[in-house]
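A.B. asks: what follows is a predicted structure for the sequence shown.
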Amino acid sequence: MPPAIIVEHVSKEFILRHNRAMGLKTRFLALFHQSKRERRERFLALDDISFTVEQGEALGLLGHNGSGKSTLLQIIAGILQPSAGRVIANGRVAPLIQLGVGFNPELTGYENIFLNASLYGFLNKDIKKRTKDIIEFSELGHFIDTPLKHYSSGMQMRLGFAVAVYLQPDILLADEILAVGDQAFQDKCLAKISEMRENGMSLVLVSHSQKQVETFCDYFVRLDHGIITEHGCFSNKSDSLIIAATESAT
Amino acid sequence: MQTSTIVPPSHPATGLARYWQYRDLVRNLVIKDLKVRYQGAALGFLWSLGNPLALILLYDFVFTHVFRSDLPHYILYLVVGVLHYNLFSQSVSQSCESLTSASGLIQKIYFPRILVPTASLLFTLALWIIAILILVVLYPFLGGIYHWGLLLYPLALGLYIAFIWGIVLTFSVLQVELRDLKHLVEIALMFGFWFTPIGYDINVLKPATREIIALNPLTQFMDLFHALLYAGTLPALSHVLIATGWTIATLTIGMVLFHRKARHLVEDL
């Protein structure tokens, strides 16, 4: 089996543009005023990062704010292009950077399921087969036919989460989001993730909490200022912990 | 897992199959825009019929009772021109902000970016097709001629849409870097209306002016539509070729520019 994700010598350089001219007026003023001129500064967010995630494995990306972990996740998700190196992902990737991407408040929950899922490249006929499970998991009941603007934020997150997990990704990329809603629903989310992991889903979890990563991941990579400062595995803990998580939910 | 596809996100396959996979995304985006637009309006989609109907009635009143034109069936001439110009101007001004207003989607998930301005164009087109239905109904009353050449109209319209698509792609991606573009475009579209033979016949102009107006690509397209829908003849081959040339030009520029800029779009939004 090929690895789920191969990250090869990935670097990402951002060009920070101070006083960026977005309009004609600023561009014109910049001709006369030194201070209004655009200054460019290079910023290396990721420097030569390499690692592999095998199928069914879970990797935790640890690091402080600004360490580059979310940038790396965006590159794996294909949202950002690396400046150098490459990322190969085998399978359907579902980025959970935000729940319910593309949700429109004017549309009903049911209509939003289709909008959200088609952003992941799903066809409506495939989504239709999953709507029953999604609605059931989200526990929205008959609210599913009311416009999203009448939902509480918890209800919106539950729907977003339900769509993401029922798309059955091969690789789940999560940015701190692994569980939403109240305690009971959070347990349900965690149990669902464990179930998907057992079925062979790979997981990349970005977090600044060592504890969260330890609970879910087999391996971890710690980033600091764009370089890997530490990496390792949580020896054999993962299996027992995942089973524990499943049990606590049932 | 029923549908496991191999999608290396940072190196998306360039094949058309990749875009085809997202066809329902385009459909859902267009339907969303249509639903949101008519949310709460009791008459819903009927409003799309009201606008062109009002236009035709107004022109009919003004140009039979207030002004007189030498062109026979002047209202048909005018309505054909105005409706087709509207398709252009509405698509182009709508699409300018399509990418910038979809930044929430673009920053959170990968999908082919080209689908955003394309969905914006198709949304305008969907509304426009409803408008053109009014013309179809009123066509015989305005003096329209039924002839076999009308069967070529979908081809002419297709060419026109492809031409607009190229411009839409170009402007949507330029708007990201130059936020003034939308305002400039709106002014240019006002001038464009009078630099296109919509309310007048190009042949009444002085030769020098005619040369300038003929440089406008829209003039060529208007000629196709006027020939087919108004005069009841086939358009001159030279006009068809020039229009095709313009279409190839805008599509090439639009596609090349879009593909070059799309890679780093996220960082500029």
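C.D. replies: Perfect, I can see it now.
A.B. asks: could you list the buried residues of stretch A:8-27?
C.D. replies: A:V10, A:S11, A:K12, A:A21, A:T26 (16 or more other C-beta atoms under 10 Å in any protein chain shown). No exception for glycine: its C-beta is placed from N, CA and C like everyone else's.
A.B. asks: tell me the two of those residues that are most distant?
C.D. replies: A:V10 and A:T26 (33.8 Å; C-beta to C-beta).
A.B. asks: report the residue spans of the chain with pLDDT below the cut-off.
C.D. replies: Just going to use chain A. Within chain A, the stretches with pLDDT under 70 are A:235-250.
A.B. asks: hm, I was asking about chain B
C.D. replies: B:1-15, B:40-44.
A.B. asks: coming back round to it: list the ones among the buried residues of stretch A:8-27 that fall in helices.
C.D. replies: Cross-referencing the buried residues of stretch A:8-27 against helices under DSSP state H gives A:T26.
A.B. asks: can you put the buried residues of stretch A:8-27 in CSV and add distance to chain B?
C.D. replies: Listed next are the buried residues of stretch A:8-27 as CSV, based on distance: C-beta to the nearest C-beta, whole Å:
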residue, distance to chain B
A:V10, 9
A:S11, 13
A:K12, 10
A:A21, 9
A:T26, 10
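A.B. asks: so which of the buried residues of stretch A:8-27 is the closest to A:E136?
C.D. replies: A:V10 (39.2 Å).
A.B. asks: my guess is the closest one contacts A:T71. True?
C.D. replies: No - using C-beta atoms under 8 Å, A:V10 is not in contact with A:T71; the gap is 9.7 Å.
A.B. asks: hey, what's in contact with both of the two?
C.D. replies: A:L46 (C-beta atoms under 8 Å, 6 or more residues apart in numbering or on different chains).
A.B. asks: what about B:R179, which helix or strand?
C.D. replies: Using DSSP states H and E, B:R179 falls within no helix or strand.
A.B. asks: ok, it to A:T131 distance?
C.D. replies: Distance from B:R179 to A:T131, counting by C-beta to C-beta, to the nearest Å: 39 Å.
A.B. asks: what does A:R39 give?
C.D. replies: For A:R39, the distance to A:T131 - C-beta to C-beta - is 51 Å.
A.B. asks: after the one helix or strand B:A208 maps to comes which helix or strand?
C.D. replies: Element membership of B:A208 [criterion: DSSP H and E] is helix B:207-215. Downstream of helix B:207-215, the next assigned helix or strand under DSSP H and E is helix B:217-225.
A.B. asks: circling back to that earlier point, so which of A:R39 and A:T131 has more stuff around it?
C.D. replies: Each of A:R39 and A:T131 has its neighbours counted (other C-beta atoms under 10 Å in any protein chain shown); A:T131 has more, 17 against 10.
A.B. asks: what's in contact with the helix holding B:A208?
C.D. replies: B:F195, B:T196, B:P197, B:I202, B:N203, B:L205, B:T219, B:Q220.
A.B. asks: select only the buried ones of those in PyMOL?
C.D. replies: Selecting the buried subset of the contacts of helix B:207-215 in PyMOL, with 16+ other C-beta under 10 Å as the burial test, is done by:
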select buried, chain B and resi 196+197+219+220
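A.B. asks: I figured A:D133 hits A:Y166, correct?
C.D. replies: Yes - assessed by C-beta under 8 Å, A:D133 is found in contact with A:Y166 at 5.2 Å.
A.B. asks: residue of chain A nearest chain B, please.
C.D. replies: Residue of chain A nearest chain B, by C-beta to the nearest C-beta: A:G78 (2.5 Å).
A.B. asks: tell me the spacing between that residue and A:F234.
C.D. replies: Distance from A:G78 to A:F234, by C-beta to C-beta: 28 Å.
A.B. asks: looking at those two, which is more packed in?
C.D. replies: Between A:G78 and A:F234, counted using other C-beta under 10 Å, the more crowded position is A:G78 (21 against 17).
A.B. asks: dihedrals phi and psi, the more buried one?
C.D. replies: Main-chain torsions, A:G78, degrees, to the nearest 10: phi 90, psi 10.
A.B. asks: and A:G181, by the same measure?
C.D. replies: phi 80, psi -160.
A.B. asks: likewise for A:E38?
C.D. replies: Dihedral angles (degrees, to the nearest 10) for A:E38: phi -70, psi 130.
A.B. asks: that one and A:L31, how far apart?
C.D. replies: Taking C-beta to C-beta, one finds A:E38 at 12 Å from A:L31.
A.B. asks: have a look at these two and say which one is more surrounded.
C.D. replies: In this view A:E38 and A:L31 are compared by other C-beta under 10 Å, and A:E38 has more residues nearby, 12 against 8.
A.B. asks: check contacts around that one.
C.D. replies: For A:E38, the contacting residues are A:R17, A:H18, A:N19, A:R20, A:A21, A:A30, by C-beta under 8 Å, 6+ apart.
A.B. asks: now swap in A:S207 and tell me
C.D. replies: Contacts of A:S207 (C-beta under 8 Å, 6+ apart): A:G60, A:L61, A:L62, A:E176, A:V213.
A.B. asks: looking at the residues you listed, which are in helices?
C.D. replies: Checked against DSSP H, the contacts of A:S207 include these in helices: A:V213.
A.B. asks: now the contacts of A:S207: which count as buried?
C.D. replies: By 16+ other C-beta under 10 Å, the contacts of A:S207 give A:G60, A:L61, A:L62, A:V213 as buried.
A.B. asks: taking these, tell me the two that lie furthest apart.
C.D. replies: Among the buried ones among the contacts of A:S207, A:L61 and A:V213 lie farthest apart (C-beta to C-beta), at 8.0 Å.
A.B. asks: got any residues that touch both of these two?
C.D. replies: Joint contacts of A:L61 and A:V213 (C-beta under 8 Å, 6+ apart) are A:L205, A:S207, A:F220.
A.B. asks: got the domain ranges for chain A?
C.D. replies: According to automatic domain parsing, chain A comprises the domains A:5-91+A:170-249, A:99-166.
A.B. asks: hey, which of those is tucked in deepest?
C.D. replies: Among the domains of chain A, judged by mean count of other C-beta atoms under 10 Å in any protein chain shown, the one packed with the most neighbours on average is domain A:99-166 (a mean of 19).
A.B. asks: measure how far it is from the centre of its chain, please.
C.D. replies: Taking C-alpha atoms, centre = their mean, to the nearest Å, one finds the center of domain A:99-166 at 17 Å from the center of the full chain.
A.B. asks: just the endpoints, please. Distance across it?
C.D. replies: Length of domain A:99-166, first residue to last, C-alpha to C-alpha, to the nearest Å: 13 Å.
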